[in-house]
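[1] I would like the atomic coordinates for the input below:
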Amino acid sequence: MRSRATAYPLVAVLGWGVMFPILASALDRVDPLNLTTARYLLAAVVLVAILLLREGPAALRHGGRALEVVVLGVVGFAGFNLLTNLALEHAAPQQISLFVATTPVITQLVRWARDGVRPKPLLLALSLVALLGVGLVITRGSLAGLGQFGLGGLMMIGAVVGWGIYTHGASRFGEWSPLRFTTLTALAGTAAMLALSIGADAVGWQHAPAAADLVAVAPQLAYAVLVGAVIAVLAWNTGVQRLGAANAALFMNLVPVTTFAVQIARGYRPEPVELVGAAITIAALIAANLAARPRTASLPGTGAVTDPIAVTDPVAVSAR
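    Sure, this is the predicted structure:
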């Protein structure tokens, strides 16, 4: 039943929404590059193990597409996650989550730039409305708060654009399973993160974490790896298979809602203008998803819903 299938993407986005405050708390002990690298080194091990168990060693081969896999892995996994963790040093988790929620719109714009498929004018208008809502949250409705957008906001724009490119690129891997595409691009991205972290440690841009620091953030890492990078991705890919990518993508708009709820539970008291801005962003993004959603059709004799790839979270991509 479709009503039961909605539980899968719901589990995924709730897990991702909680993850931003958790990662932000870990940055007090571990530098962003090292934290991201540690997270994906562990996640890559888990993903490879699952891939070997389900599809065998042959699934680790690139099939003559190594360059494309590496580029997408570096731009998507490494680019998005590194920039997001760096941005968390300059912006609050609830602000970061609102940027992430613009991924469906950004993906449509990337498709326009790369394939010449022009999005609907309504989509472009709604994307501007969504950004207006983000601006209200970040500035709290005051022009004096524009400086808060600064570096963190620019990093998140770059991060979301990189993830949009990654998501769009996934549509060219329809013959691969979602697990295979995710694992191989994650390996490429993790290798890039590791190289950057080693270089940054060597030149003094950051400091390699001590064993005590890694132990201190072990709960955060455990959540980010097991929930954010394993359970959530499996739930998301199952939801996409059963609902279709476009329908599942609508759940992405719950990410900032979840993050706001977590921050409020931790004692954060948002100003009314922040709540208004968040509501504007979420409403505009839902409307944009509905405007961009293609028609879906069921395969004869099955309950599977098929449609073009839409949007995924920064932990995994569903290659249809």
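
[2] can you count the residues close to T84?
    By other Cβ atoms under 10 Å, the residues close to T84 number 25. In short, each C-beta sits where N, CA and C put it, glycine included.

[3] Now name the helix or strand holding it.
    According to DSSP states H and E, T84 maps onto helix 81-87.

[4] Run through who's touching the helix or strand just after that helix.
    Sequence order places helix 93-100 as the next helix or strand after helix 81-87, per DSSP H and E. If you take Cβ atoms under 8 Å, 6 or more residues apart in numbering as the criterion, helix 93-100 is touched by 16-17, 20-21, 23-24, 84, 87-88, 133-134, 137-138, 152-153, 156-157, 159-160, 252, 255-256, 258-260, 262-263, 268, 270, 274, 278, 281, 313-314.

[5] Among those, name the buried ones.
    The neighbour-count criterion (16 or more other Cβ atoms under 10 Å) marks 16-17, 20-21, 23-24, 84, 87-88, 133-134, 137-138, 152-153, 156-157, 159-160, 252, 255-256, 258-260, 262-263, 270, 274, 278, 281, 313-314 among those as buried.

[6] Point out the ones among those that are inside helices.
    Applying DSSP state H to those, the entries found in helices are 16-17, 20-21, 23-24, 84, 87, 133-134, 137-138, 152-153, 156-157, 159-160, 255-256, 258-260, 262-263, 274, 278, 281.

[7] how close does T190 sit to L41?
    Taking Cβ to Cβ, to the nearest Å as the measure, T190 falls 6 Å from L41.

[8] Let me fix that, I meant to ask about A279.
    38 Å.

[9] any chance you could map the strands in the protein?
    Listed in chain order, the strands of the chain (DSSP state E) span 297-298, 305-306.

[10] and those strands, which one's lowest on average pLDDT?
    Among these, strand 305-306 carries the lowest mean pLDDT, a mean of 42.

[11] helices or strands up against the helix of greatest length in the chain?
    Ranked by residue count under DSSP H, the longest helix found in the chain is helix 178-203. Helix 178-203 sits against helix 32-55, helix 66-72, helix 81-87, helix 232-243, with contacts defined as 3 or more Cβ pairs under 8 Å, 6 or more residues apart in numbering; DSSP states H and E.

[12] same for the last one, what does it pack against?
    The one in question is helix 232-243. Helix 232-243 sits against helix 2-5, helix 7-26, helix 178-203, helix 245-249, with contacts defined as 3+ Cβ pairs under 8 Å, 6+ apart.

[13] for that helix, the distance to its chain's centre please.
    The chain centroid and the centroid of helix 232-243 are separated by 14 Å, computed with Cα atoms, centre = their mean, to the nearest Å.

[14] Please apply the same query to the longest one.
    The gap between where helix 32-55 is centred and where its chain is centred comes out at 16 Å by Cα atoms, centre = their mean.

[15] quick one, that helix and helix 232-243 angle?
    Angle, helix 32-55 to helix 232-243, by axes from the mean of the first three to the mean of the last three Cα atoms, to 10 degrees: 50 degrees.

[16] Run through who's touching helix 32-55.
    By Cβ under 8 Å, 6+ apart, the residues outside helix 32-55 that reach it are 23, 26-27, 30, 59-60, 77, 81-82, 85-86, 88-89, 177, 179-180, 182-183, 186-187, 189-190, 193-194, 196-197, 200-201, 205-206, 208-209, 214, 217, 221, 224-226, 229-230.

[17] cutoff 6 Å now
    Helix 32-55 has contacts (Cβ atoms under 6 Å, 6 or more residues apart in numbering) with 26, 59, 81-82, 85-86, 179, 183, 186-187, 190, 193-194, 196-197, 200, 206, 209, 224-225, 229-230.
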